[in-house]
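S.K.: generate a structure from the sequence data that follows.
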Amino acid sequence: MKSKFIFSYIDRDSNGIYKDMTSDAAIGKIDFLPSHKVFKGKLATTIEKALLSSRFQNSVIGAVFQGVFANLDAYPYDPDINYYILIPSTSVGKLSITYLNRFTKRHSNVKLFPVLTDSMHASSPHMNFVRPKLNSQVWERVLTFDKNDAEEFGFTWFGYSWYSSFEEVEASKEQADLFYVGFKKGNREKMIADIYDAAIECQVDCDFRVVSSEECAVKPGSNLKYTNRRFAYPELVSSIKSTNCILEVLQEGQDTQTIKYYEAVCYGKKLLTNNRHIKELPYYSDDNMKFFEGVSDIDWEWIKERRPVEYNYQGEFSPLKIIDFLKELYNIE
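M.R.: As a prediction, this is how the structure comes out:
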């Protein structure tokens, strides 16, 4: 029996980490299907967005409209083909289990796979709507990037393949020694502020962006203030490409790498991280990746030293590799 793969997401994610899934390289490997209906009119789009927002997601109203706006039935399924649909967690949070149950009963030849690129113990807001749905029988397997979550919750770890590289983005003309960007979440703000203040004292040129609605210092007495500006990801990549070193600070409860590890490898940057498992990761380099527990562990001169950093990255992080993973798992030729 033939097999087909489908990537189902809110949009084509042309400016996000899944963009490889809808790129020219994906043609013939995987089809794209919007997870929710796409409206041309501005009013209809606004109404849909409001009804699928976090305000309603855990309510009866939200569950109803998660089914009303769901779009998985829009694909022309052939009963003689097995389908494997990959659904990133953001879309999972906006799909009701009631709808998915009805869908799987109508299409017995379709297997659904939620794709998690957030840790179960991290504080990503949308995961509050995803976690309660993961125990449902509608899923063939729950795929996760987090090896620890796979062991704890019985999920399937798909390895390190979930980051699309933005080679086409040009480096910013504004250079920095140390770059950090992240939302206020995961109880890590004090650590970030302490690193920033110590770095400034050691004459390290810093570009730190801690995003929050608050307009105050990240920590009382710190020189680091929150920003309420939201950044398009390609803009961040431009800044990353011009920095010397990327800072990674895990959320409280998280025990695995973040997107910053992938960025360091893809764009040839040093990585300063408090991930105690860094030495276990592919492309680890003792010269280019340093672990710290506290601010006193940080070698500021290493951060400021400018030299070529090369990992010889060969594209293994692309989310398209998840297809190869599933083919091997299900013996699909």
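S.K.: going forward, measure contacts between C-alpha atoms and count neighbours the same way
M.R.: OK.
S.K.: rounded mean pLDDT for the helix or strand encompassing I85, please.
M.R.: Element membership of I85 [criterion: DSSP states H and E] is strand 81-88. Mean pLDDT, strand 81-88: 98.
S.K.: so where's the stretch 201-333 of the chain uncertain?
M.R.: Nowhere does the stretch 201-333 of the chain drop to pLDDT under 70.
S.K.: all strands of it, in order?
M.R.: Shown for the stretch 201-333 of the chain, the strands assigned by DSSP state E, counting those that start in this stretch span residues 206-211, 243-248, 270-273, 289-291.
S.K.: strands paired with the strand holding I85, and their directions?
M.R.: strand 2-9 (parallel), strand 110-116 (parallel) (DSSP bridges).
S.K.: and L143, how close does it get to F158?
M.R.: L143 sits at a distance of 6 Å from F158 (criterion: C-alpha to C-alpha, to the nearest Å).
S.K.: reformat the strands paired with strand 81-88 as TSV; add mean pLDDT and distance to S239.
M.R.: As requested, those are exported to TSV (pLDDT from 0 to 100; distance: least, C-alpha to C-alpha, whole Å):
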stretch	mean pLDDT	distance to S239
strand 2-9	98	27
strand 110-116	98	26
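S.K.: quick one, which of these is nearest to E301?
M.R.: Among the strands paired with strand 81-88, the nearest to E301 by C-alpha to C-alpha is strand 110-116 (36.7 Å).
S.K.: touching the next helix or strand after the strand holding I85 from outside, list them.
M.R.: Using DSSP H and E, the helix or strand that follows strand 81-88 in sequence is helix 89-92. Contact with helix 89-92 is made by S8, Y9, I10, S35, P114, V115, L116, T117, H126, M127, V130, as judged by C-alpha atoms under 8 Å, 6 or more residues apart in numbering.
S.K.: which ones are touching the first one?
M.R.: S8 is in contact with F32, L33, P34, S35, L72, I85, L86, I87, P88, S91, counting by C-alpha under 8 Å, 6+ apart.
S.K.: stretch 14-30: which residues count as buried?
M.R.: I17, Y18, K19, D20, M21, T22, I30 (16 or more other C-alpha atoms under 10 Å).
S.K.: ok, stretch 142-157 next?
M.R.: Buried, per 16+ other C-alpha under 10 Å, within stretch 142-157: V142, L143, T144, F145, D146, K147, N148, D149, A150, F155, T156, W157.
S.K.: where along the stretch 101-250 of the chain do the helices fall?
M.R.: According to DSSP state H, counting those that start in this stretch, the stretch 101-250 of the chain carries its helices in the segments 127-130, 147-153, 189-201, 233-242.
S.K.: now the ones you listed in CSV, with distance to Q137?
M.R.: Shown next, in CSV, are the helices of the stretch 101-250 of the chain (distance: least, C-alpha to C-alpha, whole Å):
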stretch, distance to Q137
helix 127-130, 14
helix 147-153, 14
helix 189-201, 38
helix 233-242, 34
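S.K.: so S35 versus S91, what's the distance?
M.R.: Noted for S35: a distance of 7 Å to S91, by C-alpha to C-alpha.
S.K.: shared neighbours, these two?
M.R.: Residues within reach of S35 and of S91 at once, by C-alpha under 8 Å, 6+ apart, are S8, Y9, I10.
S.K.: is the first one bridged to anything, and to what?
M.R.: Note on S8: beta-bridge partners L33, judged by DSSP bridges.
S.K.: quick check: the gap between it and D149.
M.R.: The value you get for S8 to D149, if C-alpha to C-alpha is used, is 23 Å.
S.K.: check the second one too.
M.R.: Noted for Y9: a distance of 22 Å to D149, by C-alpha to C-alpha.
S.K.: re the thing from before, how far is the strand holding I85 from where the chain is centred?
M.R.: Averaging C-alpha positions (C-alpha atoms, centre = their mean, to the nearest Å) puts strand 81-88 19 Å from its chain's average.
S.K.: hmm, who's touching that strand?
M.R.: 1-9, 35, 109-117.
S.K.: make it 10 Å
M.R.: The list of residues contacting strand 81-88 from outside it, by C-alpha atoms under 10 Å, 6 or more residues apart in numbering, reads 1-10, 18, 30-35, 72, 77, 107-117, 140, 142-144, 322-323, 326.
S.K.: fine by me, thanks again.
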